[in-house]
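Colleague: Whatever this is, show me its structure:
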Amino acid sequence: MVKGIVHHTRRCGVTTLPAATRTQLFLAGDFVDGSTGEQTDVVSPVTGQIIASIAVPGQADLDKAVEKARVAQKAWRKLGVFERAKVCHRIGDAIERRVDELARLQTLEQGKPVAESIADIKEAAQLFHLHAEDALRLYGETLPSSDVDKRMFTYRAPVGTWGIITPWNFPLLMFTEFVAPGLATGNACIVKPPSNTPLAVLAAMDCLLEAGVPDGLVSVLPGDGAFGSQLVSHPGIDAIGFIGSSATGAKIVQTAGLKRSLMECSGNGPIVVLEDANIERAAKAAVDSAFYCGGQVCCATERLIVHHRVHDAFVESALAYASSHVVLGNPFDASVNLGPLNNEGVAAKMDRHLDEARRLGFDVLLGGGRSAGHPTDLYYDFTIVDGVSEASLLSQEESFGPVLPILTAQDDDDALRIANADRLGLQSAVFTESLSKAYRFIEELETGQVIVNDSNGWWDINMPFGGAGGKGTGWGRIGGMYTLHDMTDLRTGAIHVGS
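Modeller: From the prediction side, this is the model:
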């Protein structure tokens, strides 16, 4: 028996744990027990059962990971971009060969429908291929100098060793969003995934080993918030990558000080439906965005702002589509497209938001609470709430659950005012048949991305994704060439060529 692999299967009511599930830390190229000697349980939101017990990392593990990473990174950056790209392509190939196993493991620990997990894992593989090619085209340029005897040029250099903290809603995909561009550009990565969803990430480390990633270049240390603080503050960490809540992001920045950082934080972006919108298309997109991944997405439909003249038609269309399309249940069932929420904290937040909605007299048109008759009480009915006020929790906070809150705007100016009043500015969408209105909202909505006539939850792997300036949503961009820019230094050389 290979140490660190669970070789037996555990019956979990709806599925079984894959036969080769890693439960140890991935530290400097090897699977090892944590220095603490402790373990923490991973409980499936699907079944409510303990599906694995994973090692808990300590300071000694972090110190070793940093020491090995810094040594490995120096050699890795000198290897050359073409060789690094070959390794990244091999990682992508290895992940593609394990899509089904990794997807089932992710669904069991995270709760999302298995079809969504399959799409996540395939996209993770794509990212390794994409960023391998991006790195080959990470060009510098020559610059004119006021001194005729000088020649100036720029080039990109890796920052060094990154400490990366990833969330539980897209466990492997968001790991990859940092590690693929990080490796392609010559960096080392020490990753702290959440201790409640580490299994798909740990299992994927076999893909890195198969691809020939040098020992020490990547370590995975699932830990709690206190361990995350140790990672951020470690003197051997050169830069921080983070995807998660704005509240946690603010603490990280305070701890990290002047270290380079790439921060993607909370979103509360709206979908705006204008008077001339295609109502059926808008209703479908709003509902889809509100329940995808259980609504546990930073660019979900957190607020829906509808022009008053099309309000009734929109509500009717949204109710009809949601009632016929959204199916809550076992996420391993092919007919199900809404699984359980990941954890009690998210479910309790939904409870709190909907309790206030009822106290304030909003119209709960569909759903409105936890669904009975499931293995856990994390299964939440898809919910539509109308008559939502701007000051309510449903409007002011990121609910992060399967809820569609509907606000009403009097005109286009009012819709912009409501949309931009929020302190967060990640992604938004607008539905209109007018090209001039589309351009106006693209320019005036205070979010990093504005999608026209499609879901607020739409994104592309080659799209620069991140928050707008002046909002509490972070900085930098995840996606395409832009992440490589954020994970490298722009450096300049100047050569004296005169006599």
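Colleague: end-to-end on stretch 181-200?
Modeller: With C-alpha to C-alpha, to the nearest Å as the measure, stretch 181-200 spans 19 Å from end to end.
Colleague: centroid residue for this protein?
Modeller: Relative to the mean C-alpha position of the chain, the nearest C-alpha, by C-alpha atoms, centre = their mean, is the one of Met174, at 4.7 Å.
Colleague: Could you check how far Thr255 is from Glu433?
Modeller: When distances are taken as C-beta to C-beta, to the nearest Å, Thr255 and Glu433 turn out to be 48 Å apart. All C-beta atoms are positioned from the backbone trio N, CA, C, and that covers glycine.
Colleague: who's more crowded, these two?
Modeller: A count of neighbours by other C-beta atoms under 10 Å puts Thr255 above the other of Thr255 and Glu433, at 15 against 12.
Colleague: I'd guessed that one sits against Val232; true?
Modeller: Yes - contact status for Thr255 versus Val232: in contact at 4.8 Å, counting by C-beta atoms under 8 Å.
Colleague: hmm, who's touching stretch 165-175?
Modeller: Stretch 165-175 has contacts (C-beta atoms under 8 Å, 6 or more residues apart in numbering) with 102, 106, 109-110, 120-121, 123-124, 127, 164, 178, 191-194, 196-201, 204, 220, 228, 231-232, 240-244, 252, 293, 296-297, 342-343.
Colleague: any idea of the mean pLDDT in it?
Modeller: Averaging the model's pLDDT scores along stretch 165-175 yields 98.
Colleague: Between the two ends of that stretch, what distance do you get?
Modeller: The first and final residues of stretch 165-175 sit 8 Å from each other (C-alpha to C-alpha).
Colleague: which stretches of the stretch 51-200 of the chain form strands?
Modeller: In the stretch 51-200 of the chain, the strands defined using DSSP state E, counting those that start in this stretch lie at 142-143, 150-158, 161-165, 188-192.
Colleague: by contact count, what packs against the last one?
Modeller: With contacts taken as 3 or more C-beta pairs under 8 Å, 6 or more residues apart in numbering; DSSP states H and E, strand 188-192 sits against helix 59-79, strand 161-165, helix 171-184, strand 218-220, helix 225-233.
Colleague: Ala286: which of those is closest?
Modeller: Counting by C-beta to C-beta, Ala286 lies closest to helix 171-184 out of these; the figure is 23.2 Å.
Colleague: how big is the angle separating the closest one from strand 161-165?
Modeller: 170 degrees (axes from the mean of the first three to the mean of the last three C-alpha atoms, to 10 degrees).
Colleague: Pretty sure Ser371 sits against Phe382.
Modeller: No - distance between Ser371 and Phe382: 9.4 Å, which falls outside the contact criterion (C-beta under 8 Å).
Colleague: what residues are shared contacts of those two?
Modeller: Residues touching both Ser371 and Phe382 (C-beta under 8 Å, 6+ apart): Leu328.
Colleague: More neighbours: which of those two?
Modeller: In this view Ser371 and Phe382 are compared by other C-beta under 10 Å, and Phe382 has more residues nearby, 25 against 16.
Colleague: Relative to Asp288, how far out is the more buried one?
Modeller: Spatial separation of Phe382 from Asp288 under the definition C-beta to C-beta is 11 Å.
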